[in-house]
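# After the sequence you'll find the predicted model.
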Amino acid sequence: MNNEQRTAVLDFYTYPPVGTDDWRYVYQSAQVRVLELQMLTRAAFLDMANAENFLAAVDLLSATEYAMPHSEKSSVEMENNLLLRRAAVRELFADLILDKPIVKLFKTRDDFANLRLAVRRTLTDKPIGTDYSADGNFPPEQFEQVFAEENYTEFPDYMAEAADRAVLAYYRNKDIRQIDNAIDSAQAEYNLKQARRLNSIFLLSLFRTQIDLTNIRTMLRLKFTESEQRNVFLKGGFIELERLERGAELGYEALAPLFFVTPYYHLVEAGAAYLTSDKSFLRIEQQYEEHLTGFLKSTVQITAGPQPIIAYLLLKENEIRTVRLILTAKKNNLDTKLILDRIS
């Protein structure tokens, strides 16, 4: 374990540092501060969750950017509208960020997602479809050719390495879950490497926090499924791997005390309790988003810099996902309590 892993968890109480101001971004930061005021509030989400039905929830969005034509209030129209909103915020992000390597870094999220889809389909003998995201750095239309020829040299280096690792991991015991583990690990390593190359305290804090949250979720899933796997935790977070491995062995009642000295005590306590009582991961997913959202909102201390713009992108994407989640739940007549447990 390197020195960074040993000490970083003690360097902050709840959220890690977000870096300092970069005065090149004065105009861009001011612009996203205005846009943040237009985002949906928690009260708006609660009203949607408590709405009588799907149409009533849609009507609550009529005065927002998510409004749909009165004649076409369907789930298909809803999805198209949300995809347009996501494309718009990503385009704005690319325009506002002056340091283009940051734009490329966030586009790799779609590269890795496309790669995961392609590897899974190829190794399980399912036809490679065309439903890849077009928001990555690598053209989605080339995936079929690359995997048909098994020539990963056409990929950027970070994708070629991830593809090799995923294929090797799968063929060890033909466990499809190893594909996701290998690609997640490669993506986490790539993110940390690029954050350090960009000398960005904020990005390093963001990615290490995401690793921690993913590892805690993985720990709970291992416990719930009584899995013996222990080599699936991502490296590079603030939390020591030994603590996570220990948590996978302990009873649920011992998890919160184990994480008491970490920033994730309340998250683990709430997630483990809900998993025990309701046999569901709804609460841990909600706590995951709440902790990450809290960290992103801590960029309010930055007057000018790329941090508020990155935070706005991620917060806006989360808003879009939440709208989709609520409307989908309403469309399928899910119990309101389940929706509320997931979002609040």
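That came through, no problem. Numbering: from 1, shown residues only.
# So which residues of the stretch 101-250 of the chain form helices?
143-149, 157-173, 177-197, 201-224, 241-249 (DSSP state H, counting those that start in this stretch).
# Buried residues, the lengthiest helix in the chain. List them.
Assignment by DSSP state H gives helix 306-331 as the longest helix of the chain. Neighbour counts over helix 306-331 (16 or more other CB atoms under 10 Å) mark 306-317, 319-320, 322-327, 329-331 as buried. (C-beta placed from N, C-alpha, C; glycine too.)
# swap in stretch 36-53?
Leu40, Ala44, Phe45, Met48, Ala49, Ala51.
# and which of the residues you listed is nearest to Phe138?
Among the buried residues of stretch 36-53, Leu40 lies closest to Phe138 (CB to CB), at 32.6 Å.
# and that closest one, what is it in contact with?
For Leu40, the contact set (CB atoms under 8 Å, 6 or more residues apart in numbering) comprises Thr64, Glu319, Thr322, Val323.
# which residues of the stretch 201-344 of the chain score low on pLDDT?
For the stretch 201-344 of the chain, no stretch has pLDDT under 70.
# And the residue nearest the centre of the protein?
Compute the mean C-alpha point of the chain, and by CA atoms, centre = their mean the closest residue is Gln210, 7.4 Å away.
# what's around the closest residue to that one other than its chain neighbours, how many residues?
Excluding the flanking residues, the one nearest Gln210 by CB to CB, 6 or more residues apart in numbering is Leu292, at 7.0 Å. Residues near Leu292, counting by other CB atoms under 10 Å, number 19.
# gap between Leu292 and Leu315?
9 Å (CB to CB, to the nearest Å).
# and if you look at Ala49?
Per CB to CB, Ala49 is found 19 Å from Leu315.
# Kindly report the same for Gln145.
In this view, Gln145 and Leu315 are 37 Å apart by CB to CB.
# ditto for Asn81
19 Å.
# swap in Phe93?
Relative to Leu315, Phe93 is positioned 11 Å away (criterion: CB to CB).
# any chance of the buried residues of stretch 36-53 in TSV, with pLDDT and distance to Arg120 too?
Below are the buried residues of stretch 36-53 laid out as TSV (pLDDT from 0 to 100; distance: CB to CB, whole Å):
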residue	pLDDT	distance to Arg120
Leu40	94	33
Ala44	94	36
Phe45	93	32
Met48	92	33
Ala49	93	33
Ala51	92	36
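# Domain-wise, how is this structure divided?
3-99+198-343, 100-197 (automatic domain parsing).
# average pLDDT for the shortest one?
What domain 100-197 shows for mean pLDDT is 87.
# Show me how far that domain is from its chain's centre.
On the basis of CA atoms, centre = their mean, to the nearest Å, domain 100-197 sits 16 Å off its chain's mean C-alpha point.
# How about stretch 228-237?
Using CA atoms, centre = their mean, the offset of stretch 228-237 from its chain centre is 18 Å.
# Stretch 216-227 now?
With CA atoms, centre = their mean, you get 18 Å for stretch 216-227.
# same question, stretch 69-81
That offset, for stretch 69-81, works out to 25 Å (CA atoms, centre = their mean).
# Would you indicate which residues of that stretch are buried?
Buried-residue list, stretch 69-81, by 16+ other CB under 10 Å: Met78, Asn81.
# Stretch 225-240 too?
Applying 16+ other CB under 10 Å to stretch 225-240 flags Val232, Phe233, Leu234, Gly236, Gly237, Phe238, Ile239 as buried.
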